[in-house]
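Student: kindly return the folded structure for what I paste below:
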Amino acid sequence: MPRVSFGVYQPREGCLADDVVAQMVRTAASIEKRSTNISITILRCIRGDWAAAVAESKAREDANQWLNLPEAATFTKGLSSVIQTVDAGWFELACEEGKEGFQFGKKRVGDVVSVRRIYSEGKTQDKLSYCCLAILKAYFTKTQGLHSYRYYTSLDGKSIIGLGSWDSEDLASNEEHRCTAETFLKSLGAKKLRYDVCRVVYATDLNE
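Tutor: Got it, this is the predicted structure:
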(Lines give C-alpha, C1' and ligand atoms only; values in the text may rest on other atoms or scores of the structure.)
Protein backbone atom coordinates (compact mmCIF):
# COMPACT_ATOMS: atom_id res chain seq x y z
CA MET A 1 0.00 0.00 0.00
CA PRO A 2 1.22 3.56 -0.69
CA ARG A 3 3.02 5.26 2.18
CA VAL A 4 3.53 8.93 2.92
CA SER A 5 5.62 11.09 5.20
CA PHE A 6 3.39 13.55 7.06
CA GLY A 7 4.35 16.38 9.40
CA VAL A 8 2.68 19.36 11.06
CA TYR A 9 4.79 22.40 11.90
CA GLN A 10 4.23 25.74 13.59
CA PRO A 11 6.32 28.84 14.35
CA ARG A 12 8.06 29.22 17.66
CA GLU A 13 7.10 32.12 19.89
CA GLY A 14 7.99 35.43 18.28
CA CYS A 15 8.15 33.97 14.77
CA LEU A 16 5.62 34.27 11.96
CA ALA A 17 3.63 31.50 10.27
CA ASP A 18 4.44 33.12 6.90
CA ASP A 19 8.14 32.53 7.57
CA VAL A 20 7.49 28.86 8.42
CA VAL A 21 5.51 28.31 5.22
CA ALA A 22 8.12 30.10 3.08
CA GLN A 23 10.89 27.92 4.51
CA MET A 24 8.85 24.74 4.00
CA VAL A 25 8.24 25.70 0.37
CA ARG A 26 11.96 26.27 -0.20
CA THR A 27 12.78 22.94 1.42
CA ALA A 28 10.16 21.09 -0.65
CA ALA A 29 11.45 22.60 -3.90
CA SER A 30 15.02 21.63 -2.97
CA ILE A 31 14.01 18.03 -2.15
CA GLU A 32 12.10 17.63 -5.41
CA LYS A 33 15.00 19.07 -7.38
CA ARG A 34 17.30 16.40 -5.97
CA SER A 35 14.78 13.56 -6.31
CA THR A 36 12.31 13.76 -9.18
CA ASN A 37 10.40 10.71 -7.87
CA ILE A 38 9.17 12.59 -4.80
CA SER A 39 6.08 14.81 -4.75
CA ILE A 40 5.39 17.14 -1.83
CA THR A 41 2.22 19.02 -0.96
CA ILE A 42 2.28 21.79 1.63
CA LEU A 43 -0.96 22.74 3.37
CA ARG A 44 -1.54 25.88 5.40
CA CYS A 45 -4.26 25.90 8.04
CA ILE A 46 -6.81 28.62 7.28
CA ARG A 47 -7.76 29.35 10.90
CA GLY A 48 -4.56 28.36 12.67
CA ASP A 49 -0.85 29.13 12.64
CA TRP A 50 0.43 25.76 11.46
CA ALA A 51 1.30 24.14 8.15
CA ALA A 52 1.63 20.51 7.07
CA ALA A 53 3.84 18.70 4.58
CA VAL A 54 2.75 15.51 2.84
CA ALA A 55 5.44 13.70 0.84
CA GLU A 56 4.61 10.84 -1.50
CA SER A 57 6.60 8.85 -4.03
CA LYS A 58 5.76 8.71 -7.72
CA ALA A 59 7.46 5.29 -7.98
CA ARG A 60 4.46 3.34 -6.73
CA GLU A 61 5.57 0.10 -8.35
CA ASP A 62 8.58 0.02 -6.02
CA ALA A 63 7.66 -1.59 -2.69
CA ASN A 64 10.49 0.29 -0.96
CA GLN A 65 9.78 3.67 -2.56
CA TRP A 66 8.80 5.23 0.75
CA LEU A 67 12.31 4.76 2.16
CA ASN A 68 13.46 7.70 0.02
CA LEU A 69 10.83 10.10 1.36
CA PRO A 70 12.03 13.01 3.51
CA GLU A 71 11.72 12.62 7.26
CA ALA A 72 9.86 15.24 9.25
CA ALA A 73 13.11 16.65 10.61
CA THR A 74 14.08 17.67 7.08
CA PHE A 75 11.75 20.65 7.28
CA THR A 76 13.26 21.96 10.53
CA LYS A 77 16.94 21.25 9.86
CA GLY A 78 19.00 24.25 10.90
CA LEU A 79 15.83 26.17 11.77
CA SER A 80 14.93 24.83 15.21
CA SER A 81 14.81 28.40 16.56
CA VAL A 82 12.06 29.27 14.07
CA ILE A 83 10.04 26.10 13.41
CA GLN A 84 8.85 23.38 15.76
CA THR A 85 7.37 20.00 14.87
CA VAL A 86 3.87 19.44 16.26
CA ASP A 87 3.14 16.04 14.77
CA ALA A 88 5.02 13.79 12.35
CA GLY A 89 5.45 10.23 11.18
CA TRP A 90 5.17 7.60 8.48
CA PHE A 91 1.71 6.59 7.32
CA GLU A 92 0.21 3.88 5.13
CA LEU A 93 -2.93 4.25 3.02
CA ALA A 94 -5.86 2.52 4.75
CA CYS A 95 -8.83 3.41 2.53
CA GLU A 96 -9.98 5.94 -0.03
CA GLU A 97 -12.98 7.16 -1.98
CA GLY A 98 -13.05 9.47 -4.98
CA LYS A 99 -15.56 10.74 -7.48
CA GLU A 100 -15.40 9.30 -10.98
CA GLY A 101 -12.54 10.81 -12.94
CA PHE A 102 -10.83 12.33 -9.90
CA GLN A 103 -7.03 11.96 -9.82
CA PHE A 104 -5.88 11.45 -6.25
CA GLY A 105 -2.36 12.78 -6.82
CA LYS A 106 -3.48 16.00 -8.45
CA LYS A 107 -3.29 19.04 -6.18
CA ARG A 108 -3.13 22.68 -7.18
CA VAL A 109 -2.16 25.78 -5.22
CA GLY A 110 -5.35 27.21 -3.74
CA ASP A 111 -7.18 23.87 -3.42
CA VAL A 112 -9.12 23.32 -0.18
CA VAL A 113 -8.08 20.26 1.85
CA SER A 114 -9.43 19.12 5.21
CA VAL A 115 -7.06 17.46 7.66
CA ARG A 116 -8.51 15.14 10.29
CA ARG A 117 -6.11 13.87 12.94
CA ILE A 118 -7.24 10.90 15.05
CA TYR A 119 -5.12 9.81 18.00
CA SER A 120 -5.43 6.33 19.44
CA GLU A 121 -3.82 4.28 22.16
CA GLY A 122 -3.34 0.62 22.87
CA LYS A 123 -4.81 -1.61 20.17
CA THR A 124 -7.62 0.69 19.03
CA GLN A 125 -6.08 1.74 15.70
CA ASP A 126 -7.47 -1.26 13.78
CA LYS A 127 -11.00 -0.58 15.07
CA LEU A 128 -10.69 3.10 14.21
CA SER A 129 -9.37 2.26 10.75
CA TYR A 130 -12.41 0.07 10.03
CA CYS A 131 -14.60 2.87 11.36
CA CYS A 132 -13.00 5.30 8.89
CA LEU A 133 -13.73 2.88 6.05
CA ALA A 134 -17.34 2.56 7.18
CA ILE A 135 -17.73 6.34 7.38
CA LEU A 136 -16.44 6.74 3.83
CA LYS A 137 -18.73 4.04 2.45
CA ALA A 138 -21.77 5.47 4.21
CA TYR A 139 -21.29 9.22 3.75
CA PHE A 140 -18.87 9.99 0.91
CA THR A 141 -21.42 10.12 -1.92
CA LYS A 142 -23.86 12.06 0.28
CA THR A 143 -21.41 14.80 1.25
CA GLN A 144 -21.75 17.94 -0.85
CA GLY A 145 -18.58 19.36 -2.35
CA LEU A 146 -16.31 16.46 -1.39
CA HIS A 147 -14.19 15.19 -4.31
CA SER A 148 -12.01 12.62 -2.59
CA TYR A 149 -11.00 11.35 0.82
CA ARG A 150 -8.09 9.25 2.01
CA TYR A 151 -7.35 7.82 5.44
CA TYR A 152 -3.80 6.88 6.40
CA THR A 153 -2.76 4.89 9.48
CA SER A 154 0.56 5.59 11.21
CA LEU A 155 3.17 2.85 11.20
CA ASP A 156 3.65 3.30 14.95
CA GLY A 157 -0.05 2.54 15.59
CA LYS A 158 -0.76 5.80 17.40
CA SER A 159 -2.69 7.94 14.91
CA ILE A 160 -4.71 8.19 11.71
CA ILE A 161 -4.90 11.13 9.32
CA GLY A 162 -7.72 11.87 6.90
CA LEU A 163 -7.20 14.15 3.91
CA GLY A 164 -10.22 15.38 1.95
CA SER A 165 -10.37 17.50 -1.21
CA TRP A 166 -13.27 19.97 -1.32
CA ASP A 167 -15.01 22.52 -3.54
CA SER A 168 -14.80 25.30 -0.97
CA GLU A 169 -13.81 26.27 2.56
CA ASP A 170 -17.46 26.61 3.61
CA LEU A 171 -18.33 23.06 2.53
CA ALA A 172 -15.20 21.62 4.15
CA SER A 173 -16.12 23.39 7.40
CA ASN A 174 -19.60 21.85 7.51
CA GLU A 175 -20.33 21.15 11.18
CA GLU A 176 -22.65 18.20 10.50
CA HIS A 177 -20.00 16.39 8.45
CA ARG A 178 -17.36 16.89 11.15
CA CYS A 179 -19.53 15.92 14.11
CA THR A 180 -21.02 12.81 12.51
CA ALA A 181 -17.59 11.28 11.98
CA GLU A 182 -16.35 12.32 15.42
CA THR A 183 -19.30 10.66 17.17
CA PHE A 184 -18.40 7.29 15.64
CA LEU A 185 -14.68 7.68 16.23
CA LYS A 186 -15.08 8.61 19.90
CA SER A 187 -17.36 5.63 20.48
CA LEU A 188 -14.54 3.34 19.31
CA GLY A 189 -11.88 4.78 21.56
CA ALA A 190 -10.32 7.75 19.76
CA LYS A 191 -8.19 9.48 22.39
CA LYS A 192 -8.10 12.92 20.74
CA LEU A 193 -9.51 14.39 17.52
CA ARG A 194 -8.52 17.41 15.46
CA TYR A 195 -10.23 18.71 12.33
CA ASP A 196 -8.92 21.67 10.35
CA VAL A 197 -9.41 23.16 6.92
CA CYS A 198 -6.35 24.13 4.89
CA ARG A 199 -5.34 25.53 1.53
CA VAL A 200 -2.62 24.10 -0.68
CA VAL A 201 0.28 26.57 -0.84
CA TYR A 202 2.72 24.31 -2.69
CA ALA A 203 2.11 21.24 -4.83
CA THR A 204 3.51 19.10 -7.59
CA ASP A 205 1.52 16.63 -9.66
CA LEU A 206 1.95 12.94 -8.88
CA ASN A 207 0.52 12.17 -12.32
CA GLU A 208 3.19 14.04 -14.30
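
Student: which element, helix or strand, includes residue 40?
Tutor: strand 38-45 (DSSP states H and E).

Student: which residue, other than its chain neighbours, is closest to the most centrally placed residue in the chain?
Tutor: Geometric centre of the chain, nearest residue: residue 163, 5.0 Å, by C-alpha atoms, centre = their mean. Using C-beta to C-beta, 6 or more residues apart in numbering and skipping the chain neighbours, the partner closest in space to residue 163 is residue 150 (5.2 Å). Glycine gets a C-beta too; all of them are placed from N, C-alpha and C.

Student: the helix or strand where residue 126 lies: what's the following helix or strand?
Tutor: Element membership for residue 126 (DSSP H and E) is helix 125-139. Remark: after helix 125-139, the chain's next helix or strand is strand 146-154, criterion DSSP H and E.

Student: ok, that next one: who's next to it in the sheet?
Tutor: strand 83-98 (antiparallel), strand 159-166 (antiparallel) (DSSP bridges).

Student: looking at these, which has the lowest confidence?
Tutor: With a mean of 90, strand 83-98 has the lowest mean pLDDT of those.

Student: ok, back up a step: save the strands paired with strand 146-154 as CSV, and put in distance to residue 132 too.
Tutor: CSV is the format used below for those (distance: least, C-beta to C-beta, whole Å):
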stretch, distance to residue 132
strand 83-98, 6
strand 159-166, 6
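
Student: just say which of those is most tucked in.
Tutor: Stretch with highest mean neighbour count among the strands paired with strand 146-154: strand 159-166 (a mean of 23; mean count of other C-beta atoms under 10 Å).

Student: give me the residues contacting that one.
Tutor: With contact meaning C-beta atoms under 8 Å, 6 or more residues apart in numbering, strand 159-166 is reached by 6, 54, 87, 89, 91, 94, 102, 107, 111-120, 125, 128-129, 132, 145-154, 172, 197.
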